[in-house]
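In: coordinates only, no sequence provided:
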Ligand code: HSE
């Protein structure tokens, strides 16, 4: 495999792969990382890179190739899987979108944490993957570590998912929780969320609901199988919520939460009043995702929606799933 993007998430995936070597051996998974690509250059060795060395010495490691970039290397690189973890860009999906296309066109499976390409071109990318007989998995893009796509695809396969409701952004949930529990100010809570590494590069994406809307687009396409785009989402952020509004809601037994909702007629994210006892009333940076289904009825998942290590759990889950399927079909 090759890792494209070696920021916090890429590094966490590498570290967890080293940590879980014994488990991998036990289940017969022996990954060889032949390329790690970042902006300024890459580490490349088709016989297999030395991950501990790269994690310790970075660009001083002998496999470093200054200026080598993923776009040029992906098509001919001798590997079966591209793990795409570059930063989300919902303007045009790049550079991830090109990486996805190059990988699928050259017969490689793709696992990603990058929302951008999926928000911009979900149907096109799925068609391409199918045409090329490749898999494109994206568990880490929505709800971080929470295995919702796996659940929908496997355990809940017999169900029709009717609607999905949830808190899809950890940063805005953290801000609202702080304001509710401690009566803190909006800006102080945002600063803390940024310090914890949860916020997007541009935190207005978190606060104004654009990140949550992007995730709704992925849920709509990936689970409800409807071709929604970002412009279809009715979006209202949390920047106008005041401590007074929160206090008033509390007096009546409600809390203010930033709730995403999608069904076949409606797709929206906005502040809503939620009863304190609702399963949706999760605090801190937690995410919650609730499926309304025809057979199983309501199913709610709660967990960590961000954080490099947590996200690596979803990425490695996808990698192991592909490994299993490929082995079964060998
Ligand atoms: N900024 C996002 C959040 C990160 O706060 O949930 C995960 O997509």
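Out: It's in. Just so it is clear, the structure is predicted and the values come from calculations on it, not from any experiment.

In: for burial, what's the neighbour tally of residue 76?
Out: 8 (other Cβ atoms under 10 Å). To be clear about C-beta, it is placed using only N, CA and C from the backbone, and glycine gets the same treatment.

In: nearest residue to it other than its sequence neighbours?
Out: In space, residue 76 comes closest to residue 106 once its chain neighbours are excluded; the distance is 7.4 Å by Cβ to Cβ, 6 or more residues apart in numbering.

In: find the closest residue to the ligand in the stretch 201-330 of the chain.
Out: Using Cβ to the nearest ligand atom, residue 306 is the residue of the stretch 201-330 of the chain that sits closest to the ligand, at 3.8 Å.

In: so what pLDDT did that residue get?
Out: What the model reports as pLDDT for residue 306 is 87.

In: contacts only, for it.
Out: 144, 170, 171, 197, 198, 285, 287 (Cβ atoms under 8 Å, 6 or more residues apart in numbering).

In: go ahead and confirm residue 121 touches residue 96.
Out: No - with contact defined as Cβ atoms under 8 Å, residue 121 does not reach residue 96; the gap is 10.1 Å.

In: neighbour count winner among these two?
Out: When residue 121 and residue 96 are compared for neighbours, residue 96 comes out ahead with 27 against 18, by other Cβ under 10 Å.

In: quick one: that one from the ligand, how far?
Out: Using Cβ to the nearest ligand atom, to the nearest Å, one obtains 14 Å as the distance from residue 96 to the ligand.

In: residue 5 too?
Out: Distance, residue 5 to the ligand, using Cβ to the nearest ligand atom: 14 Å.

In: residues in contact with that residue?
Out: The contact partners of residue 5, taken as Cβ under 8 Å, 6+ apart, are 37, 38, 84, 85, 86, 87, 114.

In: would you mind pulling the contact partners of the helix or strand hosting residue 23?
Out: Residue 23 belongs to helix 21-26 when assigned by DSSP states H and E. By Cβ under 8 Å, 6+ apart, the surrounding residues in contact with helix 21-26 are 17, 30, 31.

In: the ligand contacts on this protein?
Out: Neighbours of the ligand within the chain, by Cβ under 6 Å from any ligand atom: 144, 169, 170, 171, 198, 199, 200, 206, 211, 305, 306.

In: the lengthiest helix in the chain packs against which elements?
Out: Ranked by number of residues, the top helix in the chain under DSSP state H is helix 308-328. Applying 3 or more Cβ pairs under 8 Å, 6 or more residues apart in numbering; DSSP states H and E, one finds that helix 308-328 makes contact with helix 8-19, strand 81-84, strand 109-112, strand 136-137.

In: most tightly surrounded among those?
Out: Comparing the helices and strands packed on helix 308-328 by mean neighbour count (mean count of other Cβ atoms under 10 Å), strand 109-112 ranks first with a mean of 28.

In: any buried residues in the very next helix or strand once past that one, and which?
Out: The helix or strand immediately downstream of strand 109-112 is helix 115-131, counting by DSSP H and E. Applying a neighbour-count criterion of 16 or more other Cβ atoms under 10 Å, one finds 115, 116, 117, 118, 119, 120, 121, 122, 125, 126, 128, 129 buried in helix 115-131.

In: likewise for stretch 271-282?
Out: Buried positions in stretch 271-282, judged by neighbour count with 16+ other Cβ under 10 Å: 271, 272, 274, 278, 280, 281, 282.

In: likewise for stretch 63-71?
Out: Neighbour-count burial for stretch 63-71, counted by 16+ other Cβ under 10 Å, picks out 63, 64, 68, 69, 70.

In: closest to the ligand out of those residues?
Out: Nearest to the ligand, judged by Cβ to the nearest ligand atom, of the buried residues of stretch 63-71 is residue 70 at 21.4 Å.

In: how is the chain carved up into domains?
Out: Following automatic domain parsing, the chain resolves into domains at 2-144+308-328, 155-304.

In: orientation of the longest helix of the chain relative to helix 8-19 in degrees?
Out: Here helix 308-328 runs at an angle of 60 degrees relative to helix 8-19 (axes from the mean of the first three to the mean of the last three Cα atoms, to 10 degrees).

In: quick one, strands of this protein?
Out: Under the criterion DSSP state E, the chain contains strands at 2-4, 35-37, 41-44, 64-66, 81-84, 109-112, 136-137, 161-167, 234-235, 254-262, 267-275, 286-293, 298-304.

In: I'd like those written out as TSV, with distance to residue 324 added.
Out: Below are those laid out as TSV (distance: least, Cβ to Cβ, whole Å):
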stretch	distance to residue 324
strand 2-4	20
strand 35-37	23
strand 41-44	27
strand 64-66	32
strand 81-84	13
strand 109-112	12
strand 136-137	12
strand 161-167	24
strand 234-235	38
strand 254-262	30
strand 267-275	33
strand 286-293	24
strand 298-304	22
